[in-house]
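K.L.:
The following comprises the amino acid sequence and a computationally predicted model.
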Amino acid sequence: MTYFILANPNSGAKKGAHSLDLLLSYFKENQVDFQLFTTTKSGQESELIYDILSLKSPDDVILIIGGDGTISLAMSALPADVPFAYLPAGSGNDFARSLSLEHDPICAFKAIENGHLHEIYVLKYESKNLSGFALNNIGIGLDAQIVKSANRGKLKIWLNKIKLGQLAYLMTALHVLFTKKPFSVTIESMASDLTSDKILSQKIKFQRAFLMTFTKHSFFGGGVKISPTASNLNDEIHLVEFNRLPMRKIFPVIPKVLKGTHLNHPGFTHLISKQFIVKTEENQPVQIDGESSEINANEPLKLSTEKRTIIY
Ligand SMILES: Nc1ncnc2c1ncn2[C@@H]1O[C@H](COP(=O)(O)OP(=O)(O)OP(=O)(O)O)[C@@H](O)[C@H]1O
């Protein structure tokens, strides 16, 4: 049996490279058979997954090493019936947190070696210009703008070099918090509003949406419990929407979000559905597991789930 490794050495400010080094030494010492496929720049994940699929036999295992972005991009190329294993090496690691996966590379590998097949549900997204799979969350609005601004900022590259990448996010987040405008969006769903116990109609229009996150498990942004009851062990998608309020009303909400007690605040809507269709009135940035993208005005984005198999 061979481990086919897809690794992003750049993930987690080079944590990927460090984890890979430790793992390869362990493999050599313990005569574990492997083939290595390392990304050298962004955007190679699908191509490498296709290479692996053309070489592996059914008993071999695909092992992905990287952050949430790496596993999400790999997932979009991986057929639903092919199991995968994952060794977290990012900065946020929300997917690993959702399944309480080991973080130490050798412990994580041992858990995989002695592991079992587990079924999980991932988010499937489809629009005219955008399609793929996400394991964590898809966000439109505040979070998407933060990811977009932080990724293109020269500040992030410089602060990452001196291991202060989190500070770049914090500074960008504050700037976006003050400058991001509300947006108008229509959601179609079969959902009940858990904040008011009411069954809501299938079509809801938010005129002043500020943060809109569709999540497949509790965690968001590196450990924030955006929807504490969400789970990737079932096929329900949780939507958390927050309206643009005056700044003086937003600041008291932040500690509630950090504690995971925000959903009973009147500024939030919390919906659960197996499928959502989202339509914005203007082009909006979108973040897909921390990767920046954009949805076009009036082009419906359909969100549903698909079952996948992970080994741990
Ligand atoms: N060798 C590479 N050099 C630069 N970028 C890369 C490389 N390989 C992959 N990428 C890009 O890195 C991004 C994914 O990074 P990933 O999300 O895994 O790490 P992270 O951002 O550090 O962690 P997290 O998302 O958990 O916070 C993708 O955009 C991917 O295409």
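P.N.:
Alright, I've got the coordinates. Just so we're clear, the structure is a prediction, and the values are computed from it rather than from any experiment.

K.L.:
I'd like the next helix or strand past the longest helix anywhere in the chain.
P.N.:
Secondary structure of the chain per DSSP state H: the longest helix is helix 11-29. Counting by DSSP states H and E, the next helix or strand C-terminal to helix 11-29 is strand 34-38.

K.L.:
can you state the direction angle for that following strand and helix 11-29?
P.N.:
Using axes from the mean of the first three to the mean of the last three C-alpha atoms, to 10 degrees, one finds that strand 34-38 and helix 11-29 are set 160 degrees apart in direction.

K.L.:
where does the closest residue to Ala17 other than its chain neighbours land in three-state SS?
P.N.:
Of all residues not flanking Ala17 in the chain, Pro9 sits nearest, at 3.7 Å (C-beta to C-beta, 6 or more residues apart in numbering). Every C-beta, even on glycine, is put in place using the N, C-alpha and C of the backbone. Following DSSP: H, G, I helix; E, B strand; the rest coil, Pro9 is assigned to coil.

K.L.:
Numbering from 5 from now on, please.
P.N.:
Renumbered: residue one is now 5, and that last one reads Pro13.

K.L.:
tell me the contacts of Pro13?
P.N.:
Gly20, Ala21, Leu24, Thr42, Thr43 (C-beta atoms under 8 Å, 6 or more residues apart in numbering).

K.L.:
what does the stretch 55-204 of the chain have sitting close to the ligand?
P.N.:
Contact residues (C-beta under 6 Å from any ligand atom) of the stretch 55-204 of the chain with the ligand: Gly70, Gly71, Asp72, Gly73, Thr74, Leu77, Gly94, Ser95, Gly96, Asn97.

K.L.:
okay but the second one is in contact with Leu91, surely?
P.N.:
No: using C-beta atoms under 8 Å, Gly71 is not in contact with Leu91, being 10.8 Å away.

K.L.:
out of the two, which sits in the busier spot?
P.N.:
Higher neighbour count among Gly71 and Leu91: Leu91, with 28 against 25, using other C-beta atoms under 10 Å.

K.L.:
Beta-bridge partners for that one, please?
P.N.:
Going by DSSP bridges, Leu91 is paired in beta bridges with Ile69.

K.L.:
State the distance from it to Tyr30.
P.N.:
The gap separating Leu91 from Tyr30 is 11 Å, by C-beta to C-beta, to the nearest Å.

K.L.:
Quick check: neighbours shared by those two?
P.N.:
With C-beta under 8 Å, 6+ apart, Leu91 and Tyr30 have common neighbours Pro109, Phe113.

K.L.:
Quick check: the residue of the stretch 205-316 of the chain nearest the ligand.
P.N.:
Gly294 (4.1 Å; C-beta to the nearest ligand atom).

K.L.:
From the residues of the stretch 55-204 of the chain next to the ligand, which land in helices?
P.N.:
Asp72, Gly73, Thr74, Leu77.

K.L.:
can you put those in CSV and add pLDDT and neighbour count?
P.N.:
Shown next, in CSV, are those (pLDDT from 0 to 100; neighbours: other C-beta atoms under 10 Å):
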residue, pLDDT, neighbour count
Asp72, 95, 28
Gly73, 94, 24
Thr74, 97, 28
Leu77, 95, 28
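
K.L.:
Just give me the closest of those to the ligand.
P.N.:
When these are ranked by distance to the ligand (C-beta to the nearest ligand atom), Gly73 comes first, at 2.5 Å.

K.L.:
I figured that closest one hits Gln291, correct?
P.N.:
No: Gly73 lies out of contact with Gln291 (C-beta under 8 Å); the separation is 9.8 Å.

K.L.:
tell me, which of the contacts of Pro13 make contact with the ligand?
P.N.:
By C-beta under 6 Å from any ligand atom, the members of these lying near the ligand are Thr43.

K.L.:
Most neighbours of all the contacts of Pro13, which one?
P.N.:
The most crowded member of these, judged by other C-beta under 10 Å, is Gly20 (24 neighbours).

K.L.:
Against Gly94, how distant is it?
P.N.:
Taking C-beta to C-beta, one finds Gly20 at 8 Å from Gly94.

K.L.:
got any residues that touch both of these two?
P.N.:
Contact criterion C-beta under 8 Å, 6+ apart; residues shared by Gly20 and Gly94: Gly70, Gly71, Thr74.

K.L.:
so how far does stretch 127-138 reach from one end to the other?
P.N.:
In stretch 127-138, first residue to last residue: 5 Å (C-alpha to C-alpha, to the nearest Å).

K.L.:
And it, what's buried?
P.N.:
Using 16 or more other C-beta atoms under 10 Å as the test for burial, stretch 127-138 gives Leu127, Lys128, Tyr129, Ser131, Leu134, Gly136, Phe137, Ala138.
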